[in-house]
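*Asks:* Task: produce atomic coordinates for the following.
(one chain, ligands or ions: 1)
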Amino acid sequence: MLSVFQSMDNKGHEEVVYCNDKGTGLKAIIAIHSTTIGPALGGCRMWNYETERDALNDVLRLSRGMSYKAAIAGLNLGGGKAVIIGDSKKEKNEILFRSFGRFVQGLAGRYITAEDVGTSVKDMEWVRMETSYVTGISRALGGSGDPSPVTALGTCSGIKASVKKQLGKDSLQGLKIAVQGLGQVGYYLCKYLHKEGAMLYVTDIHNEPTKRVANEFGAKVIKPNEIYKANVDIYAPCALGAILNDETIPMLKCSIVAGAANNQLKLEDAHAQMLKDRDILYAPDYAINAGGLINVANEIEGYNRERAFKQAEEGIYDTLMTIFDKSEKDNVTTHKAALSVAKKRIMDVSKLKNVYLPKKNVMGKRDNV
Ligand code: NAD
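*Replies:* From the prediction side, this is the model:
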């Protein structure tokens with residue numbers, strides 16, 4: 001098995017912090033992948049990992065993903081992530097999250113946390129009792145609140161960019177769009193798409209959300225396993241990861257895949273290539289679903305909802321166009337093109353190290369300004 005240092009070297013991590021607080025029972029790992037562009041921001045996941053190694057692998061993988069996501073969205077942020085080892089249904093309490101908050105504070109702003117799978121806004125409010133380096137706080141406390149509407153708006157904008165590139169159209173009017181998963185993001189996405197005049201085909205494993213979307217937006221409901229074969233222009237995955245795989249890709253009849261779900265490609269390179277070979281335009285998930293991250297990045301600077309929504313809408317459209325154009329020019333998958341755009345920005349910003357400036361405080365302002 002690789003040592004921790006070897007694993008860090010492999011993915012290019014700067015720092016890994018093991019947090020062990022016997023008093024509160026906290027066992028957590030914070031991974032800082034890169035602070036080249038700015039403080040490493042990324043959510044705190046709570047999960048009952050089978051082994052400590054599983055927890056380490058997950059936090060290393062997720063934190064590197066955050067570096068690319070922030071870089072490609074043009075944010076002044078690096079990539080980090082934290083995992084708390086434990087059962088989020090049974091082991092959550094105030095002192096556990098306050099203890100985690102103290103470890104975050106100890107990093108003096110090199111890492112900024114947020115909610116993620118297994119943690120909630122309430123948990124982050126406990127974290128906030130110990131540190132200001134936390135985002136995703138409720139609107140009532142001056143935070144940015146639920147990120148789903150802005151994620152949905154960014155995804156809708158990414159769908160428009162995809163349509164422009166693949167179909168040469170400026171509007172979604174009359175286009176058939178299949179939305180898989182009608183949870184927090186899927187519902188708002190349907191709302192935006194309906195407003196744009198799209199015809200919706202929707203599915204969910206639960207009846208309530210499908211009924212609601214059918215009633216409110218005139219969507220046609222289809223069975224969960226029929227979504228891949230649907231005769232539509234665009235398929236928008238908004239539920240599960242790894243849904244673009246050997247079984248599903250051959251079934252697709254659409255010419256665009258553009259949705260909010262994380263980690264859509266089961267095998268990143270192979271399945272991105274499979275989509276390209278079928279001439280299906282794929283909007284890389286971490287570029288199209290960056291609305292939530294853009295939202296919390298705005299929270300760091302003092303939250304303004306209008307500015308955050310505008311930045312997500314315009315920024316995601318432009319980012320995707322850049323990725324699509326690069327993919328066409330270099331004849332590579334959109335997945336590869338996105339990675340190279342993200343890595344180039346990190347590389348470019350790293351050149352700034354040659355120019356001296358007074359130290360920057362982590363909330364984005366120069367100390368002398
Ligand atoms: P959610 O849990 O609220 O919604 C997911 C929905 O998918 C649920 O309604 C669930 O019933 C449905 N679902 C599950 N399995 C399904 C299946 N096999 N077929 C059809 N429907 C199925 O989650 P969410 O917050 O809406 O996020 C959706 C996706 O977007 C996730 O992959 C998430 O990681 C990603 N994402 C969300 C945000 C955000 O702001 N919430 C930001 C970035 C990425």
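
*Asks:* mind listing the strands for the chain?
*Replies:* Along the chain, the segments classed as strands by DSSP state E run 15-21, 26-34, 40-41, 44-47, 78-85, 111-112, 176-180, 199-203, 220-221, 234-237, 256-257, 281-282.

*Asks:* ok, the second one: who's next to it in the sheet?
*Replies:* As defined by DSSP bridges, the strand partners of strand 26-34 come to strand 15-21 (antiparallel), strand 78-85 (antiparallel).

*Asks:* Any idea how far the first one is from the middle of the chain?
*Replies:* Put simply, strand 15-21 sits 24 Å off its chain's centre (C-alpha atoms, centre = their mean, to the nearest Å).

*Asks:* pLDDT of that strand, averaged?
*Replies:* For strand 15-21, mean pLDDT rounds to 98.

*Asks:* now do the last one
*Replies:* Taken as a whole, strand 78-85 has a mean pLDDT of 98.

*Asks:* Export that strand to PDB, keeping only CA atoms.
*Replies:* What follows is strand 78-85 as a C-alpha-only set of coordinates in PDB (Å, rounded to 0.1, in the frame of the first residue of the first chain):
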ATOM      1  CA  GLY A  78      -8.000  26.500  -4.400                       C
ATOM      2  CA  GLY A  79      -9.200  23.000  -3.700                       C
ATOM      3  CA  GLY A  80      -9.700  21.200  -0.400                       C
ATOM      4  CA  LYS A  81     -12.100  18.800   1.300                       C
ATOM      5  CA  ALA A  82     -12.700  17.300   4.700                       C
ATOM      6  CA  VAL A  83     -14.100  14.000   5.800                       C
ATOM      7  CA  ILE A  84     -15.500  13.100   9.300                       C
ATOM      8  CA  ILE A  85     -15.400   9.400   9.900                       C
END
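
*Asks:* in this protein, what spans have low per-residue confidence?
*Replies:* 356-369 (pLDDT under 70).

*Asks:* what do you get if the cut-off is 50, keeping everything else the same?
*Replies:* Applying pLDDT under 50 to the chain picks out residues 366-369.

*Asks:* In it, what residue lies closest to the ligand?
*Replies:* In the chain, the residue that lies nearest the ligand is residue 183 (1.7 Å; C-beta to the nearest ligand atom). From N, CA and C alone the C-beta is placed, and that goes for glycine too.

*Asks:* Confirm for me that that residue is in contact with residue 209.
*Replies:* Yes - Residue 183 lies in contact with residue 209 (C-beta atoms under 8 Å); the separation is 7.0 Å.

*Asks:* more crowded one of the two?
*Replies:* Legend: neighbour count by other C-beta atoms under 10 Å for residue 183 and residue 209, higher for residue 209 (19 against 14).

*Asks:* Quick check: residues of this structure near the ligand?
*Replies:* With C-beta under 6 Å from any ligand atom as the criterion, the chain meets the ligand at residues 147-148, 151, 180-186, 203-206, 209, 224, 238-240, 260-262, 289, 292.

*Asks:* How about residue 11: what's its closest non-neighbour residue?
*Replies:* Nearest residue to residue 11, sequence neighbours excluded (C-beta to C-beta, 6 or more residues apart in numbering): residue 64, at 4.9 Å.

*Asks:* Now for that neighbour: which residues touch it?
*Replies:* 11-13, 33, 79 (C-beta atoms under 8 Å, 6 or more residues apart in numbering).

*Asks:* hey, which helix is longest across the chain?
*Replies:* The single longest helix within the chain, with elements called by DSSP state H, is helix 305-330.

*Asks:* Show me where this structure has its helices.
*Replies:* According to DSSP H, the helices that the chain contains are 4-11, 52-72, 94-106, 121-128, 148-167, 184-195, 207-217, 268-277, 285-288, 291-301, 305-330, 334-350.

*Asks:* Any figure for the gap between residue 21 and residue 130?
*Replies:* Between residue 21 and residue 130 the computed distance is 12 Å (C-beta to C-beta, to the nearest Å).

*Asks:* Find the residues that touch each one of those two.
*Replies:* Contacts common to residue 21 and residue 130, judged by C-beta under 8 Å, 6+ apart, are residue 99.

*Asks:* Can you give me every residue that contacts the residue lying closest to residue 303 once chain neighbours are set aside?
*Replies:* What sits nearest to residue 303 in space, not counting adjacent residues and going by C-beta to C-beta, 6+ apart, is residue 144, at 4.9 Å. Residue 144 makes contact with 135-137, 295-296, 298-299, 303, 305, 308, according to C-beta under 8 Å, 6+ apart.
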